[in-house]
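[1] Predicted structure and sequence below. I'll ask about it afterward.
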Amino acid sequence: MLSGFNPETIQDLEGARQAITALLNLVETLKQENQELRAEVQRLRDEINRLKGEQGKPEIKADKPKDHSSEKERRKPKGWHKGNKIDRIVIHREQKLYVDKNELPEDAQFKGYEETVVQDIRLTTDNVCFLKEKYYSPSQRRTYIAPLPTGYKGEFGPGVRALVLTLYYASGMTEPKIEEFLGHIGVSISAGQVSNLLIKNQDAWHDEKEAVWCAGLASSDWQHIDDTSTRVNGENQHCHVVCNPLYSAYFTRPGKDRLTLIHLMQGSATIELLLNEQTPAWLDLFKTPLWAQRLIATWPQNQVLTRTEMEALLSSDAASLNEQQQARILEAAALTAYHNQDGIPPILTLISDDAPQFQYLTPNQALCWIHEGRHYKKLIPFVDYHRQLLEAFQKQFWDFYQQLQSYQEQPSQPEADRLRGEFDKLFSKTTGYEALDQRIAKTLAKKDRLLTVLDQPQLPLHNNPAELAASQRVRKRDISFGPRTSDGAAAWDTFMTLSETAKKLGVSFYAYIHDRISADRCLPSLASLIQQHSVSEISQPAPT
């Protein structure tokens, strides 16, 4: 940083300013390196102590600073006031209460009744001993037994089964605690039976989840997406979350690469690959060698290929390509198939963070401003002057964010043009704090993706809904660690999808589960509710 620096060459104030700026940045760099080296030395000391049978230095986490990601979505808006919940409470019975007449004066006059609503609950068992008629036919050599009523299956009725699913997937209870809770009520159930109710024979629910997924994708041409880790039988996998204001869908997969995400959005059992006249554009984008592109043009065109078939072509004709190049070819074929599929409509805009696997999935990508702001929060300057520069810029950052929020309320082309100019001005400045200037330049490079909202003001400025949905999996993971089988992972995905979607649609998850298990079918499906609300709750006017 100070190569060629000679203090004797400083002849004026500007030269001194440049020298001081360089020295301050050098201090920041050395301070950062010093902290990293100290952390590494401590880690090595702890490892040595552990090898000696001792304990390392205890990890005491510092207080977390206030997270700006909360923004408007995670706090009460201005002007918030407590709503009236009486209208939402179902009254099951009325009971008149009387004043002790001995306490009343002689001139007391009756003025009617004053209502006081009290909520209560009854936890009791409803065990039934069914006496099923039984007949035997000697001629047929067959026994005939009356079936159980609709909704009853195995040893437990609809109430227990619905409650177990609700407590585990919607309320975050562990299996042992569910067993204990039911025992307090008087239900005799084992740990294995609780596990079976949560995981086994859930095909009908998986179908409901797929219906929600398809209806959710069709409800808008933009979606939120995020992911978080999930361990399945001790192995690291990834839970992908796709959502919009009407639903949230969960998918646990071994990887989180772009090919996995394309397969996810295709909505098919196995990934579909296609080569046609659109494929060369994807191959060019992924910088596939020209000789390989000419070779691919000779492969079967305009017909859906399986991954096995495509990999066989790659191994026989393009084995000299490295693993990354072959992966890009598979992605190009998958994207071609995705944008030509007839079933689930392709997503036009994806709202996400700036992770590389989210790029190119959709024609438009809108980046999360809250996530972008976190990059600046990660800067921890040592020099007070740099701290002042950072705080001043962060204020300007969030002031601009608020201008974008105002634009969403009253979009117009002149205002969109002004905001683009303001963006260029704000993120083209240099402060002299080197780490901050590098961060500002990186934000400038994302201009088009950060300003997607100027062309589509109905889009959220942040990815909070997906992050909040992912945090539900994190809480579930912290409580229950992770599923131990593929059936368990599928059950986690399905019931978390139904639970979070029911919450967004204002449907009681317990009532919905009970309705389906009992076969009453009084409640409409979640997928049909998504279809009913899609236009009214998502569509917004375009800028004028």
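    Ah, there it is. Numbers count the residues shown, from 1 in each chain.
[2] what about Thr452, distance to Glu422?
    16 Å (Cβ to Cβ, to the nearest Å). (Each C-beta comes from the backbone N, C-alpha and C, glycine too.)
[3] Where does Thr260 fall, secondary structure wise?
    helix 258-266 (DSSP states H and E).
[4] Might one say that Arg253 is in contact with Val232?
    No. If you go by Cβ atoms under 8 Å, Arg253 and Val232 don't touch, sitting 9.8 Å apart.
[5] Where does the residue of the chain most remote from its centre fall, secondary structure wise?
    Relative to the centre of the chain, the most outlying C-alpha is that of Glu106, 66.8 Å out, by Cα atoms, centre = their mean. Using DSSP H and E, Glu106 is not contained in any helix or strand.
[6] Quick check on Thr452 and Glu422: which one has the bigger neighbour count.
    Thr452 (19 against 15; other Cβ atoms under 10 Å).
[7] follow-up on the earlier one: residues in contact with the helix or strand that the helix holding Thr260 is followed by: which ones?
    Beyond helix 258-266 in the direction of the C-terminus, DSSP H and E gives the next helix or strand as helix 279-285. Helix 279-285 is contacted from outside by Ala292, Gln293, Ile296, Ala297, Arg328, Ile329, Glu331, Ala332, Ala333, Leu335, Thr336, Tyr360, using Cβ atoms under 8 Å, 6 or more residues apart in numbering.
[8] okay but the first one is in contact with Ala319, surely?
    Spelled out, that is Ala292. No. Ala292 is beyond contact range of Ala319, at 11.1 Å (criterion: Cβ under 8 Å).
[9] what about the two, which has more around it?
    Set side by side, Ala292 and Ala319 show more neighbours around Ala292, with 19 against 8, by other Cβ under 10 Å.
[10] where's that one relative to Thr124, distance?
    From Ala292 to Thr124 the distance is 70 Å (Cβ to Cβ).
[11] With Glu175 instead?
    From Glu175 to Thr124 the distance is 23 Å (Cβ to Cβ).
[12] More neighbours: which of these two?
    Glu175 (17 against 7).
[13] can you pull the contacts of the more buried one?
    Taking Cβ under 8 Å, 6+ apart, one finds Tyr168, Ala191, Val194, Ser195, Leu198, Ser480 in contact with Glu175.
[14] Out of those residues, name the ones that lie in helices.
    Ala191, Val194, Ser195, Leu198, Ser480 (DSSP state H).
[15] of those, closest to Arg387?
    Ser480 (41.8 Å; Cβ to Cβ).
[16] Spatially, and excluding backbone neighbours, which residue is closest to that closest one.
    Residue nearest to Ser480 in three dimensions, not counting chain neighbours: Thr174, with 5.9 Å by Cβ to Cβ, 6 or more residues apart in numbering.
[17] correct me, but the one you found touches Lys476?
    No. Using Cβ under 8 Å, Thr174 makes no contact with Lys476, being 10.2 Å away.
[18] More neighbours: which of those two?
    Lys476 (20 against 14).
[19] Okay, angle between whatever helix or strand that one lives in and helix 191-199 too, please.
    Assigned by DSSP H and E, Lys476 belongs to helix 464-480. Interaxial angle, helix 464-480 versus helix 191-199 (axes from the mean of the first three to the mean of the last three Cα atoms, to 10 degrees): 160 degrees.
[20] mind starting the numbering at 832 from now?
    Right, with 832 as the first residue, what we last looked at is helix 1295-1311.
[21] what comes up buried for the next helix or strand after helix 1295-1311?
    Remark: after helix 1295-1311, the chain's next helix or strand is helix 1317-1335, criterion DSSP H and E. Neighbour counts over helix 1317-1335 (16 or more other Cβ atoms under 10 Å) mark 1319-1333, 1335 as buried.
[22] Helix 1317-1335 packs against which elements?
    helix 1022-1030, helix 1034-1050, strand 1053-1063, strand 1066-1075, strand 1078-1084, helix 1295-1311, helix 1340-1348, helix 1357-1369 (3 or more Cβ pairs under 8 Å, 6 or more residues apart in numbering; DSSP states H and E).
[23] which residues touch that helix?
    996, 999-1001, 1029-1031, 1033, 1036-1037, 1039-1040, 1043-1044, 1047, 1061, 1063, 1068, 1070, 1074, 1076-1083, 1300, 1303-1304, 1307, 1314, 1339-1340, 1343-1344, 1357, 1361.
[24] Okay, angle between it and helix 1340-1348 too, please.
    120 degrees.
[25] average pLDDT across helix 1317-1335?
    The average of the pLDDT scores along helix 1317-1335 is 95.
[26] Dump it to PDB, keeping only the CA atoms.
    Presented in PDB, the C-alpha positions along helix 1317-1335 are these (Å, rounded to 0.1, in the frame of the first residue of the first chain):
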ATOM      1  CA  SER A1317     -35.900 -39.500   3.400                       C
ATOM      2  CA  ASP A1318     -39.600 -40.100   4.500                       C
ATOM      3  CA  GLY A1319     -38.900 -37.800   7.500                       C
ATOM      4  CA  ALA A1320     -37.400 -35.100   5.300                       C
ATOM      5  CA  ALA A1321     -40.400 -35.300   2.900                       C
ATOM      6  CA  ALA A1322     -42.800 -35.000   5.900                       C
ATOM      7  CA  TRP A1323     -40.900 -32.000   7.200                       C
ATOM      8  CA  ASP A1324     -41.200 -30.300   3.800                       C
ATOM      9  CA  THR A1325     -44.900 -31.200   3.300                       C
ATOM     10  CA  PHE A1326     -46.300 -30.200   6.700                       C
ATOM     11  CA  MET A1327     -44.200 -27.100   7.000                       C
ATOM     12  CA  THR A1328     -45.500 -26.000   3.600                       C
ATOM     13  CA  LEU A1329     -49.100 -26.600   4.600                       C
ATOM     14  CA  SER A1330     -48.600 -25.000   8.000                       C
ATOM     15  CA  GLU A1331     -46.900 -21.800   6.700                       C
ATOM     16  CA  THR A1332     -49.400 -21.500   3.800                       C
ATOM     17  CA  ALA A1333     -52.400 -22.000   6.100                       C
ATOM     18  CA  LYS A1334     -51.000 -19.200   8.300                       C
ATOM     19  CA  LYS A1335     -50.700 -16.800   5.300                       C
END
